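[1] This is a predicted model, with the sequence first.
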Amino acid sequence: MDVQRYRDLIARFSEARVMVVGDIYLDENIFGVVTGISLEAPIPVFEIHDRRHNPGAAGNAACNVAALGARTDMVGFIGSDPNGEIVQREFAVRNVDCRGIVVDPERPTNTYGKLRAGTFNAPSQEVLRTDTPRPTWIAGETEDAVIARIRELAPENDAIVVVDQACSVATDRVLRAIVDTAREHGLITVGDSRERAGAFHGFDVIVPNDREAGHGAGIEVSDDESLEQAGRQLLATSRNALITRGPKGISIFSEDGGTTHVPCDPLEPVDVTGAGDTVTATAAVTLVAGGTLHDAAVLGNKAAGLAVMRQGVVTISAEELAEALEQAQGVSKARTSAQLARETARLREQGKTIVWTNGCFDILHAGHITYLLKAAALGDVLVVGINSDESVRRVKGPSRPVNNEGHRALLLSALECVDYICIFDEDSPLENIREIRPDVYAKGGDYTLDSIDPKERALMEELGGRIEIVSGIEGESTSAIITRIAGE
C-alpha cells in the first residue's frame, strides 16, 4: 500500500463538496436504569439519566461526509415539530448545511429511539425500541421542493449521494432529476439503497451490501458465483458497483467489465450499525478527491473498520483515517499520546474505565503476562506505556534494551488483554498520564504507595483517579532472565 499517496488523497477531502439526498431520521438514545416494577401495570419503571441524539439514515451518511472534511449539504424533509428542530441542531454541530431541508407540516420527523438500561455493575442493554410510522413516498409540493433544492445546490457541489433507507425521498422523479442535474453540472452520482439497489439508472456508482445487491438484482446472494451474477446485473442500470461484504471486504464491478475483490483487515466488530453509511460517504469523497474505484474501496474498508470497533453510530474523521493507514504499516495497537487522548475521551463518554501502566517490557515473560492480566482486570481498557530505547538505556544501562521498542510493542500488541500501546521517551510517563487521564494507574508489586514518585501520586489525585499496586510473579524479571542465560 502506498501510504503517502493515500495521505495525499485524504488531504484533498477538505476540497470536496458533496450533496446528500435521502431520508432524514432523528436517532434518539435514552440511557438510564430500571428501578422497579410500576404500581399501575406489570411493566418496568425506567429512570432516565441521559439523552443523546444524532441524525440517522441519510443524515448519518451526511455526517460521515462532513466528518471526513468535505463541505456537506443535506437535502430531504423533516416535520414541523420539536424533533425536526433537534435534528437540525444536530446537523449544525456536525457541520452539515441544512438549507436543503424541506419542512413538511403534514408529516412527522422520522424518529428512531432506543432505551438502554444498566447499573454500576451490569452492562447497559437495550430494553425498548421506538419508531415513528414508516414514511410514505413524498409527492406534490414536498417532492417539488426537494427537486428544487437539488437543482439550486448542484452548482455548488461536486457530487450527489443518494441514501434511500426508508423509501420516502428517492422517488423515481427525484432520481431522474438528480441524474439530469448531475449531467448538466458534471457531478459524480453515488447511490445506496436498502431495498432498491437496481433503481439508480444512470448513476456513476452504487454502494449496496451483498444482501441489498441481491435484492436489487432479484438474486439471492449466497456465494461468490451469485454475487458475481448480482453485480453484473446491477451494471445494467448503474455504471459501477462497490458491493460491501462485511468481513470479506468490498467487491468492485466496473463498467469496463472488470471485477476486483478488495479485502479488509480481520476484525472482531463491536457494532456494525451505520458502517454502510461510512463506506458510502468515504467512497463518494474519495472519488471527488480524484481517487479511483479501487481507492474508494480501500479507504471505505479502512473507515468502516474503524467504525465497527466502536459502540453505536459513529463518524470517522479524515485524520483518524490517515492515522489508521499509518498504523496498518506498523503495530496496530500503537498510538501517540494525542491519539490516545481522543480515544480515551470517547471511551470514557461510554462509561469505560481506563487503566494505565508502563514499563520497559524488554524480554516478555510470565511475570509480565500475570501483571498485565491483573492490571486489565482493574478496568475496561488497558493502555500500556513502553519506555523508548533511549529511555531504557538511561534507566537500565547501555546494554539494554535487548529488544528494540518496535519489537517490544509488537509483542505486547499480540496480547488480548492490552488495548493500546504508547511509546514514551521520558524517564517518567507524567505527560502521557496528563493527556490520557486514566481512571486507574497500575504499578508493579515492587512498589508501595509511599515509594511511588510523589509527582505521579499528585497528578493522579489531581485527575481524580487512583493508584493500584499489582503483583506479578515474585523473582521473575528481565534482569533475572538475562542473568540465567549468561549462566551467572
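    Yes, it's here.
[2] May I see the buried residues of stretch 195-214?
    Counting neighbours by 16 or more other C-beta atoms under 10 Å, one finds that the buried residues in stretch 195-214 are 196-200, 202-214. Every residue, glycine included, has its C-beta placed from N, CA and C.
[3] Please apply the same query to stretch 287-302.
    In stretch 287-302, counting by 16+ other C-beta under 10 Å, buried: 287-289, 291, 293, 295-302.
[4] end-to-end on stretch 398-405?
    Terminal residues of stretch 398-405 are spaced 15 Å apart (C-alpha to C-alpha, to the nearest Å).
[5] and it, which residues are buried?
    Neighbour-count burial for stretch 398-405, counted by 16+ other C-beta under 10 Å, picks out 400-403, 405.
[6] one step back: narrow the buried residues of stretch 195-214 to those in helices?
    210-214 (DSSP state H).
[7] Give me the contacts around stretch 363-373.
    Residues from elsewhere that reach stretch 363-373 (C-beta atoms under 8 Å, 6 or more residues apart in numbering): 357, 359, 361, 382, 384, 402-403, 408, 411-412, 415, 417-418, 442, 444-445, 470-473, 476-478, 481-482.
[8] now those: which count as buried?
    By 16+ other C-beta under 10 Å, these give 357, 359, 361, 382, 384, 402-403, 408, 411-412, 415, 418, 442, 444, 470, 472, 477-478, 481 as buried.
[9] Leaving aside the residues adjacent along the chain, what's closest to the spatially most central residue of the chain?
    In the chain, the centroid-proximal residue (C-alpha atoms, centre = their mean) is A307; its distance is 2.1 Å. Nearest non-adjacent residue to A307, counting by C-beta to C-beta, 6 or more residues apart in numbering: T278, 4.6 Å away.
[10] And for that neighbour, the neighbour number?
    Neighbourhood size, T278 [other C-beta atoms under 10 Å]: 29.
[11] tell me the phi and psi of it?
    In terms of degrees, to the nearest 10, the main-chain angles of T278 are phi -60, psi -40.
[12] I'd guessed it sits against A304; true?
    Yes - with contact defined as C-beta atoms under 8 Å, T278 reaches A304; the gap is 5.0 Å.
[13] centre of the chain versus the host helix or strand of G36, how much separation?
    Assigned by DSSP states H and E, G36 belongs to strand 24-37. Remark: strand 24-37 is offset 22 Å from the chain centroid, using C-alpha atoms, centre = their mean, to the nearest Å.
[14] Parallel or antiparallel, list what pairs with the helix or strand that it is followed by.
    Following strand 24-37 in sequence order, the next helix or strand is strand 44-57 (DSSP H and E). Strand pairing for strand 44-57, using DSSP bridges, gives strand 24-37 (antiparallel).
[15] Identify each buried residue in the partner strand, please.
    Result for strand 24-37 [16+ other C-beta under 10 Å]: buried residues 24-33.
[16] would you list the residues you listed in CSV and tack on distance to R394 and pLDDT?
    Formatted as CSV, those follow (distance: C-beta to C-beta, whole Å; pLDDT from 0 to 100):
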residue, distance to R394, pLDDT
I24, 57, 97
Y25, 56, 97
L26, 55, 97
D27, 51, 96
E28, 53, 96
N29, 48, 92
I30, 52, 94
F31, 47, 91
G32, 51, 93
V33, 50, 92
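[17] who touches S38 in this structure?
    Contacts for S38 (C-beta under 8 Å, 6+ apart) come out as 44-45.
[18] that older thread, so what does the residue nearest to the centre of the chain have for phi and psi?
    The phi/psi pair for A307 (degrees, to the nearest 10) is phi -60, psi -40.
[19] residues contacting it?
    274-275, 278, 314-316.
[20] so R408 sits right up against R400, yeah?
    No - R408 lies out of contact with R400 (C-beta under 8 Å); the separation is 11.2 Å.
[21] what sits in contact with each of these two?
    Shared contacts of R408 and R400, counting by C-beta under 8 Å, 6+ apart, come down to 360, 362.
[22] number of nearby residues for L459?
    L459: 19 neighbours (other C-beta under 10 Å).
[23] quick one: it and N432 touch, right?
    No - in this structure, L459 is not within contact of N432 by C-beta under 8 Å, at 10.6 Å.
[24] Any regions of the stretch 51-200 of the chain where pLDDT drops low?
    Counting by pLDDT under 70, the stretch 51-200 of the chain shows low-confidence ranges at 119-123.
[25] Okay, helices next: where are they in it?
    Using DSSP state H, counting those that start in this stretch, the helices of the stretch 51-200 of the chain run over 58-67, 82-93, 140-153, 172-185.
[26] what about the shortest one, distance to the chain center?
    Averaging C-alpha coordinates over helix 58-67 and over its chain gives two centres that are 12 Å apart (C-alpha atoms, centre = their mean).
[27] before we move on, what about the last one?
    The chain centroid and the centroid of helix 172-185 are separated by 31 Å under C-alpha atoms, centre = their mean.
[28] What helices and strands are in contact with it?
    Counting contacts by 3 or more C-beta pairs under 8 Å, 6 or more residues apart in numbering; DSSP states H and E, helix 172-185 packs against helix 140-153, strand 159-164, strand 188-193.
[29] residues near G218, how many?
    G218 has 10 nearby residues by other C-beta under 10 Å.
[30] Let me see the contact set for it.
    The contact partners of G218, by C-beta under 8 Å, 6+ apart, come to 198, 233.
[31] can you tell me how far it sits from L227?
    Taking C-beta to C-beta, to the nearest Å as the measure, G218 and L227 are separated by 14 Å.
[32] try Y112
    30 Å.
[33] cool, S168 as well?
    S168 is 29 Å from L227, by C-beta to C-beta.
[34] do the same with A303
    Separation of A303 from L227 (C-beta to C-beta): 22 Å.
[35] higher neighbour count, those two?
    Comparing A303 with L227 by other C-beta under 10 Å, the one with more neighbours is A303, at 28 against 23.
[36] Give me the phi and psi for the more buried one.
    phi -60, psi -40.
[37] G22 now?
    G22 adopts backbone torsions of phi 160, psi -170, taken as degrees, to the nearest 10.
[38] Quick check: it touching D164?
    Yes - assessed by C-beta under 8 Å, G22 is found in contact with D164 at 5.7 Å.
[39] Please name the residues that touch the nearest residue to D389 once chain neighbours are set aside.
    Nearest-residue entry for D389: E405, 5.1 Å, with adjacent residues in sequence omitted and distances by C-beta to C-beta, 6+ apart. Listed by C-beta under 8 Å, 6+ apart, the contact partners of E405 are 386-389, 392, 423.
[40] again, only this time at 6 Å
    Residues in contact with E405 (C-beta atoms under 6 Å, 6 or more residues apart in numbering) are 388-389, 423.
[41] Likewise for R17?
    With C-beta under 6 Å, 6+ apart, R17 has these contacts: 71, 157-158.
[42] Let's see that with 7 Å instead.
    Residues near R17 by C-beta atoms under 7 Å, 6 or more residues apart in numbering: 70-71, 156-158.
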